[in-house]
Every structure is written in structure tokens, then in C-alpha cells.
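# quick one, structure for this:
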Amino acid sequence: VSDNHGSNDKMIRILKKDIEELPPVEHIRVRCLGHVINLAASAFIYKQNNEADELSKPLLPTQGKKKDKDEIKAPSEWRKLGPVGKLFNLVKLIHASNANINSFTNITGCQMPLPNATRWNSWFIMIHKALKLRKGIIQWSTSRKSAQEDCLTHDEWRELFNYKNFLLPFWQATKAAEGDRASLQSVQISMDYLADHYAKATEFYKDNASTKARILTSHITFDKYYSIADRAPLYAASILLHPSLRRSYLDKQWSALSTKNETPYTENAVKATTSLWEKYKPKDGEAKGRSKPGELSSFDVFMQSVLQ
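Below you'll find the model as predicted:
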């Protein structure tokens, strides 16, 4: 099952009561990479580490539906998120009326996208676009009394630049997981890529308390699913069976982490994959197919000797 909802774990455990040959739930549950990235990136944006994208939904306008009064938050609430919250207030103000939209467009020549509650990448797009339109946003916001509390300082623009740089790999991994390009090995590779990104970003922003705190919050969310992936041999099997990757990939990518945590991750992955193979490989004496029992061809005998 490729999904993150806990009810799917429960479903498999119930099925296992009637289908005893089912492997343990953690061995056959694969995860939705897009949702994992959404959670981790949302944790960075909202500074929350417990299902961040779900928690953020009550704070955002519901598109295409009547707005609930609890969904309408004051600008002061958004300012608690720092520069990204102030930028969101500015974008909401731009979209508040046709007059605001037209005046902003006259200055910048284009429009600012308004993020939504469904996808974190709408926030990344907002930040990325705002950095490109920085001069126009400053000009527009400083000329309006209603925007004064949300005018961004030089340091806050620098923070948004940091946020964009940190979130860019998540955007890239999300795009790589779309369409028919996604596969089990690409999920593992993307997770390893983001784990490496966390390590480098933590070191790079070690003297920036604000950005570092967001990274730590995001990393806690990400590591929950990264650790779960370690318990699913399907991911390791997809790497080990890939002709361009094989064990050399695991040795290269996991060696530093194995040394740091004093855990033989590669060896454990190989053992788990071997155990999975033992469960499904042809049993002794089975001839897949063609010869009757007791009439094995020389080819069947050779294949059995290889597969044992």
C-alpha cells in the first residue's frame, strides 16, 4: 500500500489474522513520497512537526468553498510565522481588491500567486516569485498604509532567500516523483538525497538561529518516515536489484550514517532483502513450469542449483 495513513497499517494487521502468510506490516507498507515531502516542507514553513500540513489547513482560506469564521485569521497571527507570514499578508492584501491587483500589476508587470492549504509547494512558488519581484513588492507595500506592518526589512528578505534555498531540493524531489518517473528505487534515492541535504543545511545555517530552528523542526518530521523506510526491505531490494545501483550505492550513501550511529545499515538491508527472497523464491523440487515431476530437464536442474 503506497500511502501514509495509519488506518492502512491497521487494515493490513486485520488481514494478517486471516492471511497468515502476509509479512509483517512494516515489510509491505511503502510510503507516499509526495506526502512525506509535503509534511517535512510544511513543518519548515509553519514551524510545526506534527502532521504540519494538516495543522496548517484551519489557518488558510478554503478555496472553492464558503469560508468558515475559524479559517479567517488576523494578519497578526500570520506575522507570528516571521517573514513568510508577513509576505503572505502582503499577497493577501494584493488580492484583496481589483484596485490592488491592478496597481501591483502596473508596477511589476505580473501577478503574485496566492498559496493554498493543499500543497506546500504553493508557498515555495510564492517565496520564489516574491524574491524575483522584490523591488516591485517593496515599492507597492511602502506606498500603502494598510501594508506598513508587513513591509519586509532587508534581513527578512535575506531570511526568505534562505527559505527558498532550503526548500528548493524538496521542490526538485517532488517534481521527480510526479508522473511515470517514480519507482521504488527513486523513492529511496530521493529520501537519501534529502537526508544529505538536511545534514549540509544544518551545518551551513548553524549560526542562523531562526533558519536552523525551522530545519530542525522539519528534520524531525522527515526522519520519522526515513526511519520507517529502513524497516521496509522493498526499498533496499529495489536498490540491490537495480543494475546501475546494486550494493555499491548503499555502501556509498549509508557508510557515514552507519559509522555515526554505529549501525550496519547496509548489512541489515541485505539481510532483510535476503529474508524476503527466501520467503518467495521457488521451493526445492519445484520446476517452474515445463517439466513434469521427476522429469527435470538439464536446464531446470541448473536453474534450481542457481536459485537455491
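
# contacts and neighbour counts: CA atoms only from here.
OK.

# immediately after the worst-scoring helix or strand of the chain on mean pLDDT, which helix or strand?
The helix or strand of the chain with the poorest confidence is helix 52-56; it has a mean of 40 (mean pLDDT, DSSP states H and E). Sequence-wise, the next helix or strand downstream of helix 52-56 (DSSP states H and E) is helix 75-79.

# that following helix: how far from the chain's middle?
26 Å (CA atoms, centre = their mean, to the nearest Å).

# ok, and what's touching that helix?
85, 86, 88, 89, 150 (CA atoms under 8 Å, 6 or more residues apart in numbering).

# could I get the residues you listed as CSV with distance to residue 192?
CSV is the format used below for those (distance: CA to CA, whole Å):
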residue, distance to residue 192
85, 30
86, 33
88, 31
89, 35
150, 38
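
# including neighbour count and distance to residue 304, could these go into TSV?
Shown next, in TSV, are those (neighbours: other CA atoms under 10 Å; distance: CA to CA, whole Å):
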residue	neighbour count	distance to residue 304
85	19	64
86	23	67
88	22	64
89	23	68
150	21	72
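
# tell me which of these fall in helices.
Mapping the contacts of helix 75-79 onto helices (DSSP state H) picks out 85, 86, 88, 89.

# can I assume residue 111 is in contact with residue 101?
Yes: the criterion here is CA atoms under 8 Å, and residue 111 meets it with residue 101 at 7.4 Å.

# hmm, back to that, between the ones in helices among the contacts of helix 75-79, which sits nearest residue 248?
residue 85 (44.1 Å; CA to CA).

# per-residue confidence for the closest one?
With respect to pLDDT, residue 85 scores 93.

# where in this structure is pLDDT low?
1-4, 25-28, 48-72, 284-294, 307-308 (pLDDT under 70).

# go ahead and flag the most central residue of it.
Most central in the chain under CA atoms, centre = their mean is residue 37, positioned 1.2 Å from the mean C-alpha point.

# quick check: that residue touching residue 172?
No: using CA under 8 Å as the test, residue 37 is too far from residue 172 to be in contact (10.5 Å).

# and residue 111, which of the three is it?
Following DSSP: H, G, I helix; E, B strand; the rest coil, residue 111 is assigned to coil.

# how close does it get to residue 238?
Per CA to CA, to the nearest Å, residue 111 is found 44 Å from residue 238.

# same deal with residue 203?
31 Å.

# neighbour-wise, which of these two wins?
Neighbours were counted for residue 203 and for residue 238 using other CA atoms under 10 Å; residue 238 has more, 19 against 11.

# after the strand or helix carrying that one, next one along is what?
Per DSSP H and E, residue 238 falls inside helix 233-240. Following helix 233-240 in sequence order, the next helix or strand is helix 246-261 (DSSP H and E).
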